[in-house]
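>>> Mind folding the following:
(chains A, B, C and D)
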Protein chains: 2
Amino acid sequence: MRREAILRAATAVFATRGYNSASLVEIAEEAGMTHSGVIHHFGSKEQLLVAVLAYRDDADVVSLEDHTAPKGAAFLEHLVRTAEQNTRRAGIVQGYTVLSAESVTEGHPAQGYFRDRFAGLRIMLVDALRVVTEGELPDEVLDRTASAIIATMDGLQVQWLLDPEAVDMPTSLRLTIEGALRELEARRAGLRGGTAVTR
Amino acid sequence: MRREAILRAATAVFATRGYNSASLVEIAEEAGMTHSGVIHHFGSKEQLLVAVLAYRDDADVVSLEDHTAPKGAAFLEHLVRTAEQNTRRAGIVQGYTVLSAESVTEGHPAQGYFRDRFAGLRIMLVDALRVVTEGELPDEVLDRTASAIIATMDGLQVQWLLDPEAVDMPTSLRLTIEGALRELEARRAGLRGGTAVTR
DNA sequence: CCTACCGATCGGTAGG
DNA sequence: CCTACCGATCGGTAGG
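Have a look, this model is predicted:
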């Protein structure tokens, strides 16, 4: 399918240049046609971005098919494994990093996509943390922890892309997750003992 | 000074649009002149970006003057306080988030600036963590922890800009820092006891 | 600093 | 007649 060649080319160009600076001409060249051909297939540059984001989600689903959504502590382990794999997928990491940050600019077409994506990730992580802490902590604490763990993954990618040898993404992520679990366990112990934990 | 009017206007436009999509015409209008006047003062769009980044660093130094660089645990507390202040400075947060992520794209003029900035931040944070852990842990562990804490701050900003009501930056950052300190303390205890920590 | 421009490139659309 | 494009060009805007 020509559509798939365009989606692959657009994924690469959006990753290297960002959405606003990417040109349909460059995407079209990489897909072996003119930019009019790209428009014929996707209608506009904006609709092409939407298709690229959906295409990437589909690809992720396919690669996760055999894992069938890990639960609880296994999900946290899955995040560290993903960070490890990401050190060999700089292109994908860059696409995610550039587009997610660019999406906070005025009127960016991927704003809704990333807002929903983060909301969904937080819910998945809260579920995993609730299992690990056996449901003894309020959802708010789990949600703040979920935000923080997702943030750590994303922030590490920026530092790593700028200076790959200075950053060890999986090691830093594991440190953060294990620290977060210790913090949550300490708060559980605090709840049970009835006294404040001093640290 | 007209230069300062241009710097303020450029800071705002780079923050809302990013560097590549920002136009000199828009910056000039906001500064009350033509885009040729902007070029007259700064030579090129790229040199204007460099001046904006230096200008922001100067402003930060001025605001930190009375604090004169907090050390050890006080520095960690300073990070949480900054996150708290940032919830009232969405413009500055957006500028930092957009430009730092955009800088990983091909040939971006702020690449060196952000690479050096992250390297400097990691060193400051390693110093603070070394004080807190009384120098008993290897620098590599402290450095991985430093990367992770900086990453948490940056990643939280993206989530917060997209959905301010769903994210509590200072609370999530404090959870991460306290978790990281627990993790480091556990590793110190492991070193002293001579036995491996199980979790 | 402005007016008056340049080479180039942007996303999108025309008829065929 | 359709699909999947093409070469050419539209009106505007970019940095300098």
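>>> Show me what the helix or strand of chain A with the lowest mean pLDDT is packed against.
Least confident helix or strand of chain A, by mean pLDDT, DSSP states H and E, is helix A:45-64 with a mean of 80. Judged by 3 or more Cβ pairs under 8 Å, 6 or more residues apart in numbering or on different chains; DSSP states H and E, helix A:45-64 is in contact with helix A:2-17, helix A:24-31, helix A:35-42. All C-beta atoms are positioned from the backbone trio N, CA, C, and that covers glycine.
>>> Can you give the contact residues for the first one?
The one in question is helix A:2-17. Residues outside helix A:2-17 that contact it (Cβ atoms under 8 Å, 6 or more residues apart in numbering or on different chains): A:22-23, A:26-28, A:30-33, A:37-38, A:41-42, A:48-49, A:51-52, A:55-56, A:91-92, A:94-95, A:98-99, B:20, B:105-106.
>>> near DNA strand D, which residues of chain A?
Counting by Cβ under 7 Å from any atom of the strand, chain A comes close to DNA strand D at A:2, A:28, A:33-37, A:40-41.
>>> got a winner among the residues you listed for most neighbours?
Scoring those on neighbours with other Cβ atoms under 10 Å in any protein chain shown, the highest-scoring entry is A:A28 at 20 neighbours.
>>> roughly how far apart are the nearest residue to it once chain neighbours are set aside and DNA strand C?
Sequence neighbours aside, A:H35 is the residue nearest to A:A28 in space, at 4.1 Å (criterion: Cβ to Cβ, 6 or more residues apart in numbering or on different chains). Separation of A:H35 from DNA strand C (Cβ to the nearest atom of the strand, to the nearest Å): 6 Å.
>>> Check A:R8 too.
18 Å.
>>> quick one: which of the helices and strands packed on helix A:45-64 is nearest B:R192?
When the helices and strands packed on helix A:45-64 are compared by Cβ to Cβ, helix A:2-17 sits nearest B:R192, at 46.6 Å.
>>> okay, the angle between the closest one and helix A:24-31?
Angle, helix A:2-17 to helix A:24-31, by axes from the mean of the first three to the mean of the last three Cα atoms, to 10 degrees: 120 degrees.
>>> Buried residues, helix A:2-17. List them.
A:6-7, A:9-17 (16 or more other Cβ atoms under 10 Å in any protein chain shown).
>>> quick one: which of those residues is nearest to DNA strand D?
Checking the buried residues of helix A:2-17 against DNA strand D by Cβ to the nearest atom of the strand gives A:I6 as the nearest, at 8.2 Å.
>>> Report pLDDT for the closest one.
Note for A:I6: predicted pLDDT of 92.
>>> And for the one 5 residues further on?
Per-residue confidence (pLDDT) for A:T11: 94.
>>> Can you list the low-confidence ranges for chain A?
A:59-68, A:194-199 (pLDDT under 70).
>>> same thing but 50
A:197, A:199 (pLDDT under 50).
>>> domains of it?
Using automatic domain parsing, the domains assigned to chain A come out as A:1-52, A:69-192.
>>> What is the burial count for A:R174?
A:R174: 20 surrounding residues under other Cβ under 10 Å.
>>> no no, A:Q94
By other Cβ under 10 Å, the burial measure for A:Q94, its neighbour count, is 23.
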